[in-house]
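Student: Make a model of this:
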Amino acid sequence: MKAILLERPGETDALRISEIPDPALPPKGHLLVRLHAAGVNPVDYKLRKTGTFFPDRLPAILGCDGAGTVEACGAEVRRFRPGDRVFFMHGGYGREAGTYAQWATVPEYATASLPENVSFIEGAALPIPVITAWESLDRAGRLDADDSVLIHAGAGGVGHLALQLARNRGLHPITTVRGDEKAREAAKDGARHIIDPEKADFVQATLDLTGGKGARLVVDTLGGEMFCRSFDATALYGHVSTLLEKACDAPAVARAKKRNLSLHYVLILTPSLLENTVEIDRQTRILESAARMVAAGVLSVRVSRTFPLESVKEAHELIESGHTSGKIVLTIP
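Tutor: Coordinates of the predicted model:
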């Protein structure tokens, strides 16, 4: 089969399209999936640059998100049969082979059904960003209808889905985006208020929009100074969910403490890395719920660009530039 191999940590020239043996028939409880599309996520280029979680297992196949058709089922598989349309988040971080390939072997508990009216490209674009958005909103526990939620980078891969999920839950989404085009996209996705941080101070704007209280929840997808300053835009006893690892200075931490804020780190690969099947199954249920919402037209995933598998270097260069909105997907021959 054709696959993109990561031979060493480095720039995009570390990725090489290769012919490797087809995978064996799936073991019990697993599916052999013929991949039609693979999502490209920021974690992919970060693993390419710095190395995978399992550096002794090179070459590796990157790509955590995939969609395709079931070709074969191992013993004890109960929910699927050959020909079924599926999508999933599995592999791609160094231990198991990822989705930058024509075939993938996936545990049944990590596999979700893909409705007929949801394309393979949409299916491959969903997993990491929709689980991340879902878990980021859930970390605050139960939010009341019309609670304000500040979502940074609302036109991004995670942000545009978080806006829609917040809107569908009856929340009051506020977002930060740069530029008129991204602002229009965020408005379509349900943002009630849009702040351009190049034109206005997002902290003061959020306080003004919430009557001085601040947002009940902040979803941070940017890190850096935006993350640390978000403490001042969060309501007393509020919550901040972040995808990154930025350490804030002592004064910012002190302000968070005075506001009794809860800080939640979101790394959705943790269940897979720890092989926690209970949590992986829970994430798979999120995927199935999201797919039903897409099929019903109440959730949409924005795909900004598609590239053929052999153009993976260009896809990595684009996502690493940080100038994309929505998702990038590889189509697989």
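
Student: C-alpha from now on. contacts and neighbour counts both.
Tutor: Will do.

Student: Dihedrals phi and psi, residue 330?
Tutor: Per-residue torsions, residue 330: phi -90, psi 130 (degrees, to the nearest 10).

Student: Bridged to it, which residues?
Tutor: Applying DSSP bridges to residue 330 gives these bridge partners: residue 38, residue 307.

Student: Show the contacting residues for it.
Tutor: By CA atoms under 8 Å, 6 or more residues apart in numbering, the residues touching residue 330 are 37-40, 100, 306-309, 312, 315.

Student: mind listing the helices for this protein?
Tutor: Using DSSP state H, the helices of the chain run over 42-50, 120-125, 127-138, 159-168, 180-188, 202-209, 224-229, 250-258, 270-273, 277-296, 312-321.

Student: how about the ones you listed, which one is nearest residue 70?
Tutor: When the helices of the chain are compared by CA to CA, helix 120-125 sits nearest residue 70, at 12.7 Å.

Student: could you say what helices and strands that closest one packs with?
Tutor: On a contact count with 3 or more CA pairs under 8 Å, 6 or more residues apart in numbering; DSSP states H and E, helix 120-125 meets strand 30-40, strand 65-73, strand 85-89, strand 327-331.

Student: Of those, which is nearest residue 301?
Tutor: strand 327-331 (7.7 Å).

Student: relative to helix 127-138, how tilted is that closest one?
Tutor: For strand 327-331 against helix 127-138, the angle by axes from the mean of the first three to the mean of the last three CA atoms, to 10 degrees is 150 degrees.

Student: Which pLDDT value belongs to the closest residue to residue 90 other than its chain neighbours?
Tutor: Nearest non-adjacent residue to residue 90, counting by CA to CA, 6 or more residues apart in numbering: residue 64, 5.1 Å away. Residue 64 carries a pLDDT score of 97 in this model.

Student: What is the burial count for residue 64?
Tutor: Residue 64: 26 surrounding residues under other CA atoms under 10 Å.

Student: For it, give its distance to residue 125.
Tutor: To residue 125, residue 64 is 10 Å away according to CA to CA, to the nearest Å.

Student: what touches both of those two?
Tutor: Common neighbours of residue 64 and residue 125, using CA under 8 Å, 6+ apart, are 38-39.

Student: Identify the residues contacting the nearest residue to residue 327 once chain neighbours are set aside.
Tutor: Spatial nearest neighbour of residue 327, chain neighbours left out: residue 303 (4.6 Å); criterion: CA to CA, 6+ apart. Going by CA under 8 Å, 6+ apart, residue 303 touches 122, 125, 326-329.

Student: how does this protein divide into domains?
Tutor: The record's domain parsing of the chain by automatic domain parsing lists 2-128+272-331, 140-265.

Student: Endpoints of the shortest one, how far apart?
Tutor: Using CA to CA, the end-to-end distance of domain 140-265 comes to 11 Å.

Student: chain center to it, what's the gap?
Tutor: The chain centroid and the centroid of domain 140-265 are separated by 17 Å under CA atoms, centre = their mean, to the nearest Å.

Student: Dump the contacts of residue 303 into a markdown table; add neighbour count as well.
Tutor: Listed next are the contacts of residue 303 as a markdown table, based on neighbours: other CA atoms under 10 Å:
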| residue | neighbour count |
| --- | --- |
| 122 | 24 |
| 125 | 29 |
| 326 | 21 |
| 327 | 26 |
| 328 | 24 |
| 329 | 27 |
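
Student: any idea which of those is least confident?
Tutor: residue 326 (83).

Student: sorry, back to before: output the helices of the chain in CSV, with distance to residue 151 appended to each entry.
Tutor: Shown next, in CSV, are the helices of the chain (distance: least, CA to CA, whole Å):
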stretch, distance to residue 151
helix 42-50, 18
helix 120-125, 20
helix 127-138, 10
helix 159-168, 7
helix 180-188, 10
helix 202-209, 11
helix 224-229, 11
helix 250-258, 18
helix 270-273, 23
helix 277-296, 19
helix 312-321, 20
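
Student: Residue 145 is nearest to which of these?
Tutor: Ranking these by proximity to residue 145 (CA to CA) places helix 159-168 first, at 9.8 Å.

Student: How much space separates the residue nearest to residue 90 from residue 273?
Tutor: Applying CA to CA, the value for residue 64 to residue 273 is 12 Å.

Student: Ok, which of the helices and strands packed on helix 120-125 comes nearest residue 207?
Tutor: For these, proximity to residue 207 was assessed by CA to CA; strand 327-331 is nearest, at 30.7 Å.

Student: quick one: contacts for residue 74?
Tutor: Residues counted as contacts of residue 74 (CA under 8 Å, 6+ apart) are 25-31.

Student: ok, it to residue 285 distance?
Tutor: Distance of residue 74 to residue 285, given as CA to CA: 21 Å.

Student: hang on, the earlier thing: the helices and strands packed on helix 120-125: which one's closest to residue 95?
Tutor: Taking CA to CA, strand 85-89 is the member of the helices and strands packed on helix 120-125 nearest to residue 95, at 13.7 Å.
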